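Enquirer: Task: produce atomic coordinates for the following.
(3 chains)
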Amino acid sequence: MPELPEVETLVRDLRGLILGAEVARVQVSWAGAVAVPSARRFAAGLKGRRFLAVSRHGKFLQFDLSGSRCLLVHLRMSGHLAVLPPGAEPVLYTRVTFHLADGRRLAFSDPRKFGRLWLVDQPDLVLGKLGPDALADELTAEAFVRLIQAHRGAIKPLLLRQEVLAGLGNIYTDEALFRVGIHPLRRIDTLSAADLRRLYGAMREVLEQAIANRGTTLPDARFRDAWGNRGDNLGHLSVGRRKGQACPRCGAPLERTVVGGRGTYSCPACQRQAASNCD
DNA sequence: CTAGGTGCCTGATTGC
DNA sequence: TGCAATCAGGCACCTA
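Expert: All right, here's what the predicted structure looks like:
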């Protein structure tokens, strides 16, 4: 499931591949993939545009196009983008194909059909609801502490809310909480500012390490970079998908629970529930 | 406000 | 063995 590091990996790859390229024609194979506008207007509106910039906001990819238009892509669960050389076999589950003027294709594939694309004049119409990006320079440790302390309830579900903090998903949230020994259900009001500063540091480390490793490709997942290669970060996960295996810090068997409806991996010894949750 | 549920989807996994 | 039921999961949306 692409989270911030996987999206960043794709952004960096695509930047090198398609900047300056012109869209000759767009083929929408599944109209549901286009959120805004209609599939027909989406295809027509992209024709003849050039890719001027590629960036990322949380898990959204942003492609700035000539003519002051903007293509936004969210991969959700199983979406992917790949640049195919002329004559390459089509990718399975391709939903939208951008035929480039130089003969290559940018293919958006998505078996689960959760991913969406937008063609807009103002990206803020879609991105404006997002909280600060988890790796943004402006998100200092102090800003992070204030951001978290503005909310109540359990820490993990809050970290997953994109309108609060953009970019974290299930895997890296679990990793960051493990690194600082905080239980996923720990109530925010029981965490000190020092706890939250440490969580901030762990979050940035986990994300930056995953980007350096070109993302995490889970055994049963499909994430690939723009070249079709798997990410190398799987072996660097401490708890993710390691139910029953030994905690890398204390050796206790790691457990899988459900928090906020999401599979959650943690160490029952290193990440104890706060006492205040039990009174 | 937060918590908890449902629907969207389909490949993989589980159950009988 | 084989088929059907269930699960996973990001996000929007709904209700309590």
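Enquirer: Can you check the pLDDT for residue A:234?
Expert: The predicted local confidence for residue A:234 comes out at a pLDDT of 85.
Enquirer: Within the helices and strands, which one has the nearest residue to it once chain neighbours are set aside?
Expert: Closest residue to residue A:234 in three dimensions, ignoring its sequence neighbours and counting by C-beta to C-beta, 6 or more residues apart in numbering: residue A:216, at 5.4 Å. (C-beta placed from N, C-alpha, C; glycine too.) Element membership for residue A:216, per DSSP states H and E: none, as it lies in no helix or strand.
Enquirer: can I assume residue A:216 is in contact with residue A:210?
Expert: Yes. With contacts counted by C-beta atoms under 8 Å, residue A:216 reaches residue A:210, the gap being 6.0 Å.
Enquirer: what do the two both touch?
Expert: Common contacts of residue A:216 and residue A:210 (C-beta atoms under 8 Å, 6 or more residues apart in numbering): A:5-6, A:231, A:233.
Enquirer: taking these one by one, which sit in helices?
Expert: Taking DSSP state H, the ones among those that sit in helices are A:5-6.
Enquirer: Just flag the most distant two among the shared contacts of residue A:216 and residue A:210.
Expert: A:6 and A:233 (8.9 Å; C-beta to C-beta).
Enquirer: Common neighbours of those two, please.
Expert: By C-beta under 8 Å, 6+ apart, residue A:6 and residue A:233 have these common neighbours: A:210, A:215-216.
Enquirer: which one among those gets closest to DNA strand C?
Expert: For the shared contacts of residue A:6 and residue A:233, the closest approach to DNA strand C (C-beta to the nearest atom of the strand) belongs to residue A:216, at 11.2 Å.
Enquirer: how deep is that closest one tucked in, by neighbour count?
Expert: 28 (other C-beta atoms under 10 Å).
Enquirer: Which residues are in contact with it?
Expert: The neighbours of residue A:216, taking C-beta under 8 Å, 6+ apart as the test, are A:3, A:5-6, A:171, A:210, A:223, A:231, A:233-234, A:237, A:240.
Enquirer: In a markdown table: those, plus neighbour count and distance to DNA strand B.
Expert: Putting those into a markdown table (neighbours: other C-beta atoms under 10 Å; distance: C-beta to the nearest atom of the strand, whole Å) gives the following:
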| residue | neighbour count | distance to DNA strand B |
| --- | --- | --- |
| A:3 | 23 | 18 |
| A:5 | 28 | 23 |
| A:6 | 28 | 18 |
| A:171 | 25 | 17 |
| A:210 | 26 | 23 |
| A:223 | 24 | 14 |
| A:231 | 22 | 18 |
| A:233 | 26 | 20 |
| A:234 | 18 | 15 |
| A:237 | 20 | 17 |
| A:240 | 22 | 16 |
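Enquirer: Setting aside sequence neighbours, what's the nearest residue to the residue of the stretch 151-279 of chain A at minimum distance from DNA strand C?
Expert: Closest approach of the stretch 151-279 of chain A to DNA strand C (C-beta to the nearest atom of the strand) occurs at residue A:263, with a separation of 2.7 Å. The shortest distance from residue A:263 to any residue other than its chain neighbours is 5.9 Å, reached at residue A:256 (C-beta to C-beta, 6+ apart).
Enquirer: Can you pull the phi/psi pair for that neighbour?
Expert: Backbone geometry at residue A:256, expressed as degrees, to the nearest 10, gives phi -120, psi 120.
Enquirer: what do you get for residue A:161?
Expert: Its backbone dihedrals place residue A:161 at phi -80, psi 110, with angles given as degrees, to the nearest 10.
Enquirer: I'd assumed residue A:131 was in contact with it.
Expert: Yes. Because the distance of 7.5 Å satisfies C-beta under 8 Å, residue A:161 is recorded as touching residue A:131.
Enquirer: Compare neighbour counts for these two and give me the winner.
Expert: Looking at residue A:161 and residue A:131 with other C-beta under 10 Å, you find the greater number of neighbours at residue A:131, namely 16 against 13.
Enquirer: I'd like to know how far that one sits from DNA strand C.
Expert: Taken as C-beta to the nearest atom of the strand, to the nearest Å, the spacing of residue A:131 relative to DNA strand C amounts to 11 Å.
Enquirer: was I right about that residue contacting residue A:160?
Expert: No. With contacts defined as C-beta under 8 Å, residue A:131 does not count as touching residue A:160, sitting 11.2 Å away.
Enquirer: How many residues are close by the spatially closest residue to residue A:253 that is not a sequence neighbour?
Expert: Setting aside the residues directly before and after it, residue A:253 is nearest to residue A:244 in space (C-beta to C-beta, 6+ apart), at 5.3 Å. Residues within reach of residue A:244, counting by other C-beta under 10 Å, total 8.
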